[in-house]
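Engineer: My questions are about this predicted structure, shown below with the sequence.
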Amino acid sequence: MSAGTQYYIATILVYISVNAIASWGLDLQFGVTGVLNFAFILFQAVGAYTAAMLSLGPPSSNGGFQHYPFGVHLPFPVPIIGAMLVGGALSGIVGLITLRRLRSDYQAMVMLVVSVVATVVIESVIGLANGSAGLSLIPNPAHTISGVSRTAQSWLFVGICWLCMVLVGVIMYGLVYSPYGRVLRGTRENEAAIEAMGRDATRARMQVFVIGGAFGALSGALLAEFIGAWAPSDWLYPETFVFFTAVIVGGRGSVSGVAIGAALVCVGVQQAVQYLPIGSDPTVLASLEWIITGLLTMLFLWMRPQGLLPERRRRFSIPELRKLPAVGSEGAVELDA
């Protein structure tokens, strides 16, 4: 197998893992808990910019042609961890403003406005992240290993990305298919019932908003380190709807389904368009990708809204139901036979 073919396969595997992580973050918010986060791509961008600034070093060390507020050289995986912390912190701030005071439909509108404003600010204020040109020369941690070929370094980074994907997948399974996951689904389905049972629906939404934002930041950090650059054109607000399509196609609330949806929508559609006999005009190819993505969204919402792998719903047997707590005037008591 040639070096070019290996690099192509490694690139596909990196994009699958990165998009699966991001789609899981959005699925935890939207698919499981019902939070319409139309600004999700913002948190992926924050992770990318943070990882870049934590690994690029001071602006003067890169020839002075890039402008950003600070920069340090930190070893891997510190930039990745820092990106997740910043992404989670920003999610908490945005969540405090939107989730506590607004209804879900107003939340969606505010999130969309936040995403658009953030893009305009980054493009206009050159000192934040080098304006519309973005940041480049972002170091890939695998390339710092000497004595191995560039192909081996690419496969090493694939291993890093897939390790992160597996860890996020394990966390997702632990959250979604647990008693805590039932609280999240209850918040999505009937907030009043959850509140009546003594659970705080707003707190649950805030928690998954922060966790999902951290996952989005992780995906952005890995993607920026792989491609070596990040610019506002990479995170325009329509990019969020690609992840929404992945969640809808795979099956909202289904961890395995969303991973499949991410591979099919975020990677499969893009690669399939490249091989269509329609020429090589990048504008036409990009437009066709959006057309196919939009058609997939409408098709699945109309014909199969549950997605390819529907959300697994737990059904209790009669013996299990008898052991569930029943709430009465004296609190929780065990049901008798």
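Structural biologist: Noted; the coordinates are in hand.
Engineer: Now do the buried residues in whichever helix or strand Ile260 is part of.
Structural biologist: Using DSSP states H and E, Ile260 sits within helix 255-261. By neighbour count on 16 or more other Cβ atoms under 10 Å, the buried set for helix 255-261 is Val255, Gly257, Val258, Ala259, Ile260, Gly261. In short, each C-beta sits where N, CA and C put it, glycine included.
Engineer: how deep is Gly228 tucked in, by neighbour count?
Structural biologist: Look at Gly228: counted by other Cβ atoms under 10 Å, it has 14 neighbours.
Engineer: Nearest spatial neighbour of it, chain-adjacent residues omitted?
Structural biologist: Ile138 (5.0 Å; Cβ to Cβ, 6 or more residues apart in numbering).
Engineer: you'd agree the one you found is up against Trp230?
Structural biologist: Yes - with contacts counted by Cβ atoms under 8 Å, Ile138 reaches Trp230, the gap being 6.9 Å.
Engineer: picking that back up, and the next helix or strand after the helix holding Ile260, C-alpha only, in CSV?
Structural biologist: Downstream of helix 255-261, the first helix or strand assigned by DSSP H and E is helix 269-274. Output of helix 269-274 as CSV, limited to C-alpha atoms (Å, rounded to 0.1, in the frame of the first residue of the first chain):
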residue,chain,number,x,y,z
VAL,A,269,-21.4,12.2,2.2
GLN,A,270,-18.3,14.4,1.7
GLN,A,271,-16.3,11.5,0.2
ALA,A,272,-19.2,10.3,-2.0
VAL,A,273,-19.6,13.7,-3.5
GLN,A,274,-15.9,13.8,-4.5
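Engineer: which other residues reach helix 269-274?
Structural biologist: Identification of contacts with helix 269-274 by Cβ atoms under 8 Å, 6 or more residues apart in numbering yields Ile12, Leu285, Leu288, Glu289, Ile292, Thr293, Leu296.
Engineer: and the last one, what does it touch?
Structural biologist: This means Leu296. So Leu296 contacts Thr245, Val249, Val265, Val269 (Cβ under 8 Å, 6+ apart).
Engineer: which element is it on?
Structural biologist: Short version, using DSSP H and E: Leu296 is in helix 282-303.
Engineer: about what we covered before: quick one: neighbours of the residue nearest to Gly228, just the number.
Structural biologist: 23.
Engineer: Confirm it sits in a strand?
Structural biologist: No - counting by DSSP: H, G, I helix; E, B strand; the rest coil, Ile138 falls outside a strand, being coil.
Engineer: what residues are shared contacts of Ile138 and Trp230?
Structural biologist: Ala52, Ala224.
Engineer: Go through the helix holding Leu296 and flag the buried ones.
Structural biologist: Buried residues in helix 282-303 (16+ other Cβ under 10 Å): Leu288, Glu289, Ile292, Thr293, Leu296, Thr297, Phe300.
Engineer: mind saving the C-alpha coords of that helix as PDB?
Structural biologist: C-alpha atoms of helix 282-303 as PDB (Å, rounded to 0.1, in the frame of the first residue of the first chain):
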ATOM      1  CA  PRO A 282     -15.100  23.200  -5.300                       C
ATOM      2  CA  THR A 283     -18.100  25.500  -5.200                       C
ATOM      3  CA  VAL A 284     -20.300  23.000  -6.900                       C
ATOM      4  CA  LEU A 285     -19.000  20.200  -4.700                       C
ATOM      5  CA  ALA A 286     -19.600  22.100  -1.500                       C
ATOM      6  CA  SER A 287     -23.100  23.100  -2.600                       C
ATOM      7  CA  LEU A 288     -24.000  19.500  -3.400                       C
ATOM      8  CA  GLU A 289     -22.800  18.400   0.000                       C
ATOM      9  CA  TRP A 290     -25.200  20.800   1.600                       C
ATOM     10  CA  ILE A 291     -28.000  19.800  -0.700                       C
ATOM     11  CA  ILE A 292     -27.500  16.100   0.200                       C
ATOM     12  CA  THR A 293     -27.300  16.900   3.900                       C
ATOM     13  CA  GLY A 294     -30.500  18.800   3.800                       C
ATOM     14  CA  LEU A 295     -32.300  16.100   1.900                       C
ATOM     15  CA  LEU A 296     -31.100  13.500   4.300                       C
ATOM     16  CA  THR A 297     -32.500  15.500   7.200                       C
ATOM     17  CA  MET A 298     -35.900  15.900   5.600                       C
ATOM     18  CA  LEU A 299     -36.000  12.300   4.400                       C
ATOM     19  CA  PHE A 300     -35.300  10.900   7.900                       C
ATOM     20  CA  LEU A 301     -37.600  13.300   9.700                       C
ATOM     21  CA  TRP A 302     -40.400  12.300   7.300                       C
ATOM     22  CA  MET A 303     -39.900   8.600   6.800                       C
END
